[in-house]
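Peer 1: The following comprises the amino acid sequence and a computationally predicted model.
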Amino acid sequence: MKFRKNLAVALALGLSIASLPAPSFAALPQGAAAPDFALNAAMAGKPFRFSLHQSLRRGPVVLYFFPAAFTAGCTVEAHLFAEATDKFAKLGATVVGVTAGNVDRVAAFSKLECRDKFAVVADPGAKIAAEYKTAMQFQGKLLSERTSFVIAPDGKILMSYTDGNPQAHIDKTLAAVRAWNARHG
């Protein structure tokens, strides 16, 4: 099972099987407290300081970690989240991407691949990814696995999902936000 997951990550990044990342720990589970953070981010190419605490005041947050901007799987995932952002917004949720890979490119990625629809947070050294237990070692660098969380306004994780398939992340996070909204909306 772990090999299939690592194979999916490698293929999503356009890498060979020989360069599979080292296994990581399981992501924070449903019900856990989401670690708060404030980091540099960009939306529509414009830099700003993102605060999870501040975003949760407006409603649930879909926090998705991805390995690196402008890689095949991460670009597909950004496009899919961009297409679904209006659906999330109608449910009162905010979408935010987080990457530890090529953090110097989040502004361009937020504009081009996220289509000006949602913020991308730079996570230098994968410190936040490590707190969420999504960090993985890849070619001597710490990156984040493709892991999505839905976080309730009270800071509890409603959903935690790790998989190399970008489409599944959108489907699962949207379902979790809909379920939360049905109970609290």
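Peer 2: Thanks, I have the structure now.
Peer 1: count of neighbours near K172?
Peer 2: 17 (other CB atoms under 10 Å). In this view, the C-beta of every residue, glycine as well, is placed from N, C-alpha and C.
Peer 1: Just read off the phi/psi values of it.
Peer 2: phi -70, psi -40 (degrees, to the nearest 10).
Peer 1: what's the helix or strand for the closest residue to it other than its chain neighbours?
Peer 2: The shortest distance from K172 to any non-neighbouring residue, by CB to CB, 6 or more residues apart in numbering, is to Y161 (5.0 Å). Assigned by DSSP states H and E, Y161 belongs to strand 157-162.
Peer 1: And that strand, what does it pack against?
Peer 2: strand 147-151, helix 166-184 (3 or more CB pairs under 8 Å, 6 or more residues apart in numbering; DSSP states H and E).
Peer 1: which outside residues touch the shortest one?
Peer 2: This means strand 147-151. Strand 147-151 is touched from outside by 27-28, 34, 52, 56, 60-65, 93, 132, 134, 157-162, 169, 172-173, 176-177, 180, with contacts defined as CB atoms under 8 Å, 6 or more residues apart in numbering.
Peer 1: tell me, what residue is most central in the chain?
Peer 2: The residue lying closest to the centre of the chain (CA atoms, centre = their mean) is Y64, at 1.4 Å.
Peer 1: and it, what element?
Peer 2: strand 61-68.
Peer 1: For that strand, which helices and strands make contact with it?
Peer 2: For strand 61-68, the elements it packs on are helix 52-56, helix 72-90, strand 94-101, strand 141-144, strand 147-151, helix 166-184, judged by 3+ CB pairs under 8 Å, 6+ apart.
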